[in-house]
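Asker: Compute the structure for the input listed below.
(2 chains)
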Protein chains: 2
Amino acid sequence: MRRILIRPFGSILDLHVAIGGRGDRADRIYRQLRDAVLDGRLRRGERLPATRELAERLQVSRSTVSTAYERLTAEGYLAARVGAGTFVAYAGASGGPLPAPRRAAAQPTQAWRDLDDPLWVESRPIAYDFSIGSPDPALFPLETWRTSVAAELRAGFVRNSSYSDPAGVERLREAIARHLGVARSVEAGPDDVLVTSGAQQAFDLLARVALQPGDTVAVEDPGYPPVRQLFEMAGARVVPVPVDEHGLRVDLLPPARLVYVTPSHQFPLGGILPLERRVALLEWAARHDAVVIEDDYDSEYRFGSRPLDPLQRLDADGRVVYVGTFSKTMLPALRLGFVIAPPAILSALRHAKRLTDWHNETVTQRAMARLLDTGAFARHVRAATRVYEERHAVLVRAAGELLPELELVPSAAGLHVALLEPGQPAGRTGVGAGLDARRVAERAGVAGVAFLPVSRFRRGHGPDGILLGFGGIPAAHIPDGLRTLAEAIGREQVRDSGDRVR
Amino acid sequence: MRRILIRPFGSILDLHVAIGGRGDRADRIYRQLRDAVLDGRLRRGERLPATRELAERLQVSRSTVSTAYERLTAEGYLAARVGAGTFVAYAGASGGPLPAPRRAAAQPTQAWRDLDDPLWVESRPIAYDFSIGSPDPALFPLETWRTSVAAELRAGFVRNSSYSDPAGVERLREAIARHLGVARSVEAGPDDVLVTSGAQQAFDLLARVALQPGDTVAVEDPGYPPVRQLFEMAGARVVPVPVDEHGLRVDLLPPARLVYVTPSHQFPLGGILPLERRVALLEWAARHDAVVIEDDYDSEYRFGSRPLDPLQRLDADGRVVYVGTFSKTMLPALRLGFVIAPPAILSALRHAKRLTDWHNETVTQRAMARLLDTGAFARHVRAATRVYEERHAVLVRAAGELLPELELVPSAAGLHVALLEPGQPAGRTGVGAGLDARRVAERAGVAGVAFLPVSRFRRGHGPDGILLGFGGIPAAHIPDGLRTLAEAIGREQVRDSGDRVR
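Answerer: Predicted structure coming up:
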């Protein structure tokens, strides 16, 4: 919670902003200014701080403050006078009874109060976007998708418009099973598939049906924060297990009921789990009667050699639950993911899906099935892979030249790469000296370069590093972006050494 | 679990079918027959029972068996010979090693095994559909919706296609807040709204943020089974509280952390909660620091006088969470619902939404916002209301004539009415004598009349009754449907008296 006092002419206003999504912050500012106007702490004609000034003092982005100001202006609380700034315009406050403040007695349980959003990123004007997690919208096959949606939005859709199978539209489940067999050698029939609202819902449903409060869950460290947080909120005991350049240190796994792993392209470091570790992982699972969640989030984009088949393919016991998503191959906005699970788990997942939201919106499911059936999806993925393969190559080359002091983690798939500070194996615990990627990110951000530091995804100690996504930046811009980034790092290191001298 | 032995020439096959969704049953039959063919229990050339025969013996609908047979035929396991029946066509079984059966070691927690689907209905050919819960698809404004979706599926959508605000698209939240203010006098701004995947997800998110395992939750009895089941699976102690023709017996509420109530149109009996009970409910909530979930699922369809404002309007403390849905006004398939909650709860809900599925699919949200903004939605609801109002009037009149022995619960909104067995107030506990609506439903079903008995929605004892939905039946068919239903009841009662004589 950050709080400041703003002091317009004659009045004192105590503004505070909670950590949280950007939306939260703008809302918070909006509501506090509005209330201040309504209860007369801000009086008509008083001048408000400029957005830049207020943004700096609240340590939020200027656009956050602007959002709040714009709403207040639109609603008549504030008015802008050209060249003079923003003023309180609302007259009601001068005399006249105020509406009774609406109280808010109902409170959530403690665990849900002021929960942090681990992936929240301050939005800034970005010249070079190396952020991770989203594909390039420019590559989205918009026309094909529109045609597909329009084709499904017909009378047939309306006739079957009541509540339907929680597992998802059968045509889509069949198409997913077929597609996975070809693209990922995943063994599955339509009845082994459950359609989810993105991969995140697959993890949530699995946490419900597989975990009891207090169960131990092993996650990768560094790893994917929303999954860790989800398991924590499900009441599990979450144990972060170190990851090195080859993925999860399976040898360090504690006894657990469930393990979450990204074998094809470790998130975020990018390593590929070697076969012997995969075998060891399945043996570990058999030993502890554990469920293995295999998150295959972005390995449809493969560069060079075909990677190892998914764990699910190796699994003869039926302990591996395979989770996939169309967020990286299509768009996150579609919220389409799926899970391939052994029968008992799948039947439980179907009940959990029914109780949480019945089923996914059906037109999107049908349109996706059509894309898969017609081969349009496969064509799209092939075309996009060519683009990403070039970006990957350019990025790897440029990183070698411009950031030679950092070590690239070898990867053969996905939409981002990781550069680690040198001199220490990624799995090593103990404070990571050298690079302070968070500070570099701050500085680079000012210069218009957006990226996420490895430390944002770490729980334990370990080397820091830089995650460079190429879903949002054309190949041609990559070298300039890295040059700017290299400068930011250079300056940081100068400052570090300076610090050390002092 | 129902199990039977089918005995084709020379072989014995033990088939069993689990209770569960219809999909479950067809799959189960499909898998067992397929495995029987694969492992040679069913040999090539053997004749299978006719679908009708097998359906009867398994006590499932014929279409369920047909679904299984059709898939097996499509996949080459079976073949139909005109006039001769269905035979095993698969040759692989004769010699040749069989694929090792895929094991399924992973199991869900006990609570999730063989969970029942309380709303599952055997599907039969239906002549008169009085089932409840869905609007008439024929009234869905398909063209307007298609235009709206197409308009939103443009470049702008793709540009903002990354992960977005878990609370939902701001334009939709604004539109919902405006709409509710006008249509339901609900006090809300866009920041008080969270868009959910149907009302069911609103209940799920609320259970997460408001409940701790062991907390007491009060629900209406009879009431909405998926909500009760959801709270049970969330680890709450669920206490069913009797309902009479005026809704929840607020005077019988136990101390609880949360209460779920349908004040505008009690589900399923249809009563309207009187003002004094509403006031008492809010006082009860204040006394126990409880959260009140107000489910306003179908009261946009109002007949005659404007009903009482929602509880949310009366609530000065901020203890009421208002849940609404577009499943009845538009289509369940869109999976669009929303919740209006006090700030602390809303902020927790936003986190819960982020962790469960990030946010709703965005094109549907934008298209819905457009419908609301252009007034097309209001026009649609007005037009649909006229149709439903006529069906409601015809149904009430016909019920009075054809089923005079049953008492209609007065209601002024929604898509169904309830007829209760007479002579005992609906709230009364103690075995309800007389009408066995389940048996009537069985018999009526055979005659092509589909309806749900009140007892399907009851936990405790109480009078049985008949729920008649008019979302799926034109006004012109209603009298004939009720006539057929009246005959079924007549025959039942004859049988009853006959039973009594014996």
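Asker: who are the neighbours in contact with the residue of the stretch 351-500 of chain A at minimum distance from chain B?
Answerer: Shortest the stretch 351-500 of chain A-to-chain B distance, computed as Cβ to the nearest Cβ: residue-wise this is residue A:357, at 3.8 Å. Yep, even glycine has a C-beta here, placed from its N, CA and C like the rest. Counting by Cβ atoms under 8 Å, 6 or more residues apart in numbering or on different chains, residue A:357 makes contact with A:197, B:196-198, B:200-201, B:204, B:335, B:357.
Asker: what does the domain assignment say about chain A?
Answerer: With domains defined by automatic domain parsing, chain A comprises A:2-88, A:141-374, A:383-501.
Asker: which stretch among those comes nearest residue B:69?
Answerer: Nearest to residue B:69 among those is domain A:141-374; the distance by Cβ to Cβ comes to 15.8 Å.
Asker: what's the span of the closest one, first residue to last?
Answerer: Domain A:141-374 stretches 14 Å from its first residue to its last (Cα to Cα, to the nearest Å).
Asker: do the same with stretch A:72-80
Answerer: Using Cα to Cα, the end-to-end distance of stretch A:72-80 comes to 11 Å.
Asker: Rounded mean pLDDT for that stretch, please.
Answerer: The average pLDDT for stretch A:72-80 rounds to 77.
Asker: hmm, back to that, the contacts of residue A:357 in strands, which ones?
Answerer: Counting by DSSP state E, the contacts of residue A:357 place residue B:196 in strands.
Asker: Residue A:87: which of the contacts of residue A:357 is nearest?
Answerer: Looking across those and measuring by Cβ to Cβ, the closest to residue A:87 is residue B:196, at 38.9 Å.
Asker: pretty sure the closest one contacts residue B:205?
Answerer: Yes - here residue B:196 lies in contact with residue B:205, judged by Cβ atoms under 8 Å, at a distance of 6.7 Å.
Asker: Now the common contact residues for these two.
Answerer: Common neighbours of residue B:196 and residue B:205, using Cβ under 8 Å, 6+ apart, are B:339, B:353.
Asker: if we can go back for a sec, reformat the contacts of residue A:357 as TSV; add pLDDT.
Answerer: As requested, the contacts of residue A:357 are arranged in TSV below (pLDDT from 0 to 100):
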residue	pLDDT
A:197	97
B:196	98
B:197	98
B:198	96
B:200	97
B:201	98
B:204	98
B:335	95
B:357	96
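Asker: Serialize the contacts of residue A:357 to a markdown table and add fields for distance to residue A:168.
Answerer: Formatted as a markdown table, the entries for the contacts of residue A:357 read as follows, by distance: Cβ to Cβ, whole Å:
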| residue | distance to residue A:168 |
| --- | --- |
| A:197 | 10 |
| B:196 | 19 |
| B:197 | 13 |
| B:198 | 15 |
| B:200 | 16 |
| B:201 | 16 |
| B:204 | 18 |
| B:335 | 12 |
| B:357 | 14 |
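Asker: Out of the contacts of residue A:357, which is nearest to residue A:302?
Answerer: Checking the contacts of residue A:357 against residue A:302 with Cβ to Cβ, the nearest one is residue A:197 at 26.0 Å.
Asker: what's the spacing between the closest residue in space to the closest one that isn't next to it in sequence and residue A:408?
Answerer: In space, residue A:197 comes closest to residue B:357 once its chain neighbours are excluded; the distance is 3.8 Å by Cβ to Cβ, 6 or more residues apart in numbering or on different chains. Taken as Cβ to Cβ, to the nearest Å, the spacing of residue B:357 relative to residue A:408 amounts to 34 Å.
Asker: Would the top helix by length along chain A count as contacting chain B?
Answerer: Secondary structure of chain A read by DSSP state H shows that its longest helix is helix A:376-402. No - counting by Cβ under 8 Å from any Cβ of the partner chain, no contacts exist between helix A:376-402 and chain B, the nearest distance being 13.4 Å.
Asker: cool, stretch A:229-236 as well?
Answerer: Yes - remark: stretch A:229-236 sits within contact range of chain B at A:229-230, A:233, A:235, by Cβ under 8 Å from any Cβ.
Asker: now what about that stretch, what contacts it?
Answerer: Stretch A:229-236 is contacted from outside by A:111-112, A:115, A:118, A:200, A:203-204, A:207-208, A:211-217, A:219, A:238, A:257-258, A:260, B:208, B:213, B:352, B:355-356, using Cβ under 8 Å, 6+ apart.
Asker: Then stretch A:394-405?
Answerer: Contacts made with stretch A:394-405 from outside it, assessed by Cβ under 8 Å, 6+ apart, are listed as A:406, A:408, A:417, A:419, A:422, A:466, A:468, A:470, A:475, A:478-479, A:482-483, A:485-486, A:489.
Asker: Go again with 7 Å.
Answerer: Taking Cβ atoms under 7 Å, 6 or more residues apart in numbering or on different chains as the criterion, the residues outside stretch A:394-405 that touch it are A:408, A:417, A:419, A:422, A:468, A:470, A:475, A:478-479, A:482-483, A:486.
Asker: Export only the CA atoms of the longest strand seen in chain A, formatted as PDB.
Answerer: Taking DSSP E as the criterion, chain A has its longest strand at strand A:237-244. In PDB, the C-alpha atoms belonging to strand A:237-244 read as follows (Å, rounded to 0.1, in the frame of the first residue of the first chain):
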ATOM      1  CA  ARG A 237       1.700 -27.000   0.700                       C
ATOM      2  CA  VAL A 238       3.700 -25.700  -2.300                       C
ATOM      3  CA  VAL A 239       7.300 -26.700  -2.500                       C
ATOM      4  CA  PRO A 240       9.500 -24.900  -5.200                       C
ATOM      5  CA  VAL A 241      12.000 -27.400  -6.700                       C
ATOM      6  CA  PRO A 242      15.100 -25.900  -8.400                       C
ATOM      7  CA  VAL A 243      15.400 -25.800 -12.200                       C
ATOM      8  CA  ASP A 244      18.600 -25.800 -14.200                       C
END
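Asker: hmm, that strand in reach of chain B?
Answerer: No - looking at strand A:237-244 against chain B by Cβ under 7 Å from any Cβ of the partner chain, there are no contacts, and the closest approach is 13.2 Å.
Asker: cool, stretch A:281-300 as well?
Answerer: Yes - using Cβ under 7 Å from any Cβ, stretch A:281-300 reaches chain B at residue A:291.
Asker: Would you work out how far apart the start and end of that stretch are?
Answerer: This stretch, stretch A:281-300, spans 23 Å end to end (Cα to Cα).
Asker: pLDDT (mean, whole number) over that stretch?
Answerer: In the prediction, stretch A:281-300 has an average pLDDT of 95.
Asker: In that stretch, which residues are buried?
Answerer: A:281-282, A:284-285, A:288, A:290-300 (16 or more other Cβ atoms under 10 Å in any protein chain shown).
Asker: Out of the residues you listed, list just those in strands.
Answerer: Of the positions in these, A:291-295 sit in strands, assigned by DSSP E.
Asker: beta partners of residue A:320?
Answerer: residue A:292 (DSSP bridges).
Asker: neighbours of it, just the number please.
Answerer: Neighbourhood size, residue A:320 [other Cβ atoms under 10 Å in any protein chain shown]: 28.
Asker: what sits against it?
Answerer: Contacts were defined as Cβ under 7 Å, 6+ apart; by that measure residue A:320 touches A:292, A:294, A:311-312.
Asker: same question, residue A:294
Answerer: By Cβ under 7 Å, 6+ apart, the contact set of residue A:294 is A:261, A:263, A:310-312, A:320-323.
Asker: what do you get for residue A:248?
Answerer: Applying Cβ under 7 Å, 6+ apart, we find residue A:248 in contact with A:220, A:241, A:261, A:273, A:277.
Asker: same thing but at 8 Å, please
Answerer: Shown here is residue A:248, whose contacts under the criterion Cβ under 8 Å, 6+ apart are A:220, A:241, A:259, A:261, A:263, A:266, A:273, A:277, A:281.
Asker: Many thanks, have a good one.
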